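1. Structure, please.
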Amino acid sequence: MAHHIDHPSIDDSLLLIVDVQGKLARLMHESEAMIRQQRILIQGCRLLGLPVVWAEQLPDKLGPTVPELTEALEGAQPFSKSSFGCCGDPDLMQAIEATGRRQVLLCGIEAHVCVWQTAAELRRRDYAVHLVCDAISSRSAFNRDIAFQRMSSAGMHLSNVEMVLFELMRDAAHPKFRAVSQLLK
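-> Numbering: from 1, shown residues only. As a prediction, the model looks like this:
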């Protein structure tokens, strides 16, 4: 069966950030690298004018999003949720729908719980889901990898920060090419 190659496009993509909060974020497998990639992804998406939707799981219990990211998200407001998947929260789902976009660049934690349940429900609702894998983790590499396998076989696209940003720009002539390239250095 031929697979449809689905590139994210700059005018139909949004960035969804899931639960990169408090002490939990620091317990992720390779958390520093993950947070660094998330920050680059956020900055790149904002440079390219993509809408950003940002979720926090029970922030009163798990704490706020890590400062490295809140700094890059200045001017945006997080949506607080109790459902593991973002789609289980009406306000969050409304924010996603309000962008009018059908391609979701997904990053955050944990791969096998909140990210997986978000991705699965978005697919059910016919969104194209691009998992930005170097910006997603779990406490164990095993749980993360199982989640990637399951999401891949469920039709989500595996990607990474650099891949997604270059796909969005398409061409070195893109007006933001230099600024985005600087982030990746």
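2. What residues of stretch 177-184 count as buried?
-> Neighbour counts over stretch 177-184 (16 or more other C-beta atoms under 10 Å) mark Val180, Ser181, Leu183 as buried. Glycine gets a C-beta too; all of them are placed from N, C-alpha and C.
3. pLDDT for those - can I get that in TSV?
-> TSV is the format used below for the buried residues of stretch 177-184 (pLDDT from 0 to 100):
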residue	pLDDT
Val180	96
Ser181	95
Leu183	94
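4. Compute the distance between the closest residue to Val18 other than its chain neighbours and Lys81, please.
-> Take Val18 and drop its neighbours on the chain: the residue closest to it by C-beta to C-beta, 6 or more residues apart in numbering is Gly108, 2.9 Å away. Using C-beta to C-beta, to the nearest Å, Gly108 is found at 12 Å from Lys81.
5. Same drill for the two, tell me which one is more crowded.
-> A direct count of neighbours by other C-beta atoms under 10 Å for Gly108 and Lys81 places Gly108 higher, at 29 against 24.
6. Next, give phi and psi for that one.
-> Phi and psi for Gly108, reported as degrees, to the nearest 10, are phi 140, psi -160.
7. doesn't Ile17 make contact with it?
-> Yes: applying C-beta atoms under 8 Å, one finds Gly108 in contact with Ile17, separated by 5.4 Å.
8. List the buried residues of the longest helix along the chain.
-> Assignment by DSSP state H gives helix 31-47 as the longest helix of the chain. For helix 31-47, a neighbour-count test (16+ other C-beta under 10 Å) marks 31, 34-35, 37-47 as buried.
9. Stretch 91-107 too?
-> Leu92, Met93, Ala95, Ile96, Thr99, Arg101, Gln103, Val104, Leu105, Leu106, Cys107.
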